[in-house]
Structure formats: C-alpha cells, structure tokens
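# sequence and predicted model, in that order:
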Amino acid sequence: MTNIQISDEYIKLGQALKLAALVSSGIEAKVVIQDGKVKVNGMTDTRRGKKLYPSDVFEYNGQQIRVESTGEHKR
C-alpha cells in the first residue's frame, strides 16, 4: 500500500487521485470516479468531491492508497 501526505484537514477524492499519480488530470479523475471505478474504505464512491481524511484508504486500478497527515494543518 502506498501513502499520500496531506497538510490540510482533508483532501477531495479527485485531488487525491491526481496527487497519487493514478490519473493525469481532473477530467480523468471525474470520469473514473463517476464510472464507479474508485473505492473509498472498501466501498465504491462516485463523488469526486468526497472528502478523505487521514487514515482513509482509496483504491483505483488495483492500487490502494492511504491518506496520511503531515501534522501541519493549515487554518
């Protein structure tokens, strides 16, 4: 399992897919999410704006990614 680091409280699913380099653009993220190809914590989620928090796990194309916090939340 791979990890991504976020400095904010959460990251949106579409942004997380791009940060993890699983998709190359926001348009591609939108399509794969709407097509039901992405799972969040084991459940298919079709909302590109779904908020992911540290310890959440998302999966696409056989790759699992865990969201981790840098501990430096911006306010």
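All right, it came through fine. Numbering: from 1, shown residues only.
# which secondary structure elements does the biggest strand by length in the chain contact?
Identified as the longest strand of the chain according to DSSP state E is strand 63-69. Using 3 or more CB pairs under 8 Å, 6 or more residues apart in numbering; DSSP states H and E, the elements in contact with strand 63-69 are strand 2-6, strand 57-60. To be clear about C-beta, it is placed using only N, CA and C from the backbone, and glycine gets the same treatment.
# need these in JSON lines (columns: mean neighbour count, mean pLDDT and distance to Ala16).
Supplementary listing: those in JSON lines, determined by neighbours: other CB atoms under 10 Å; pLDDT from 0 to 100; distance: least, CB to CB, whole Å:
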{"stretch": "strand 2-6", "mean neighbour count": "14", "mean pLDDT": "96", "distance to Ala16": "6"}
{"stretch": "strand 57-60", "mean neighbour count": "19", "mean pLDDT": "98", "distance to Ala16": "6"}
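# need the three-state assignment for Gly14.
helix (DSSP: H, G, I helix; E, B strand; the rest coil).
# I misspoke; the intended subject was Ser24.
Applying three-state DSSP: Ser24 is coil.
# angles on the backbone of it, please.
The phi and psi values for Ser24, taken as degrees, to the nearest 10, are phi -100, psi -10.
# please apply the same query to the one 4 residues further on.
Its backbone dihedrals place Glu28 at phi -60, psi -40, with angles given as degrees, to the nearest 10.
# any low-confidence regions in the protein?
Residue ranges of the chain with pLDDT under 70: 72-75.
# if Thr2 is in a bridge, with which residues?
For Thr2, the beta-bridge partners are Ile65 (DSSP bridges).
# next: Lys51.
Residues in a beta bridge with Lys51, per DSSP bridges, are Lys12.
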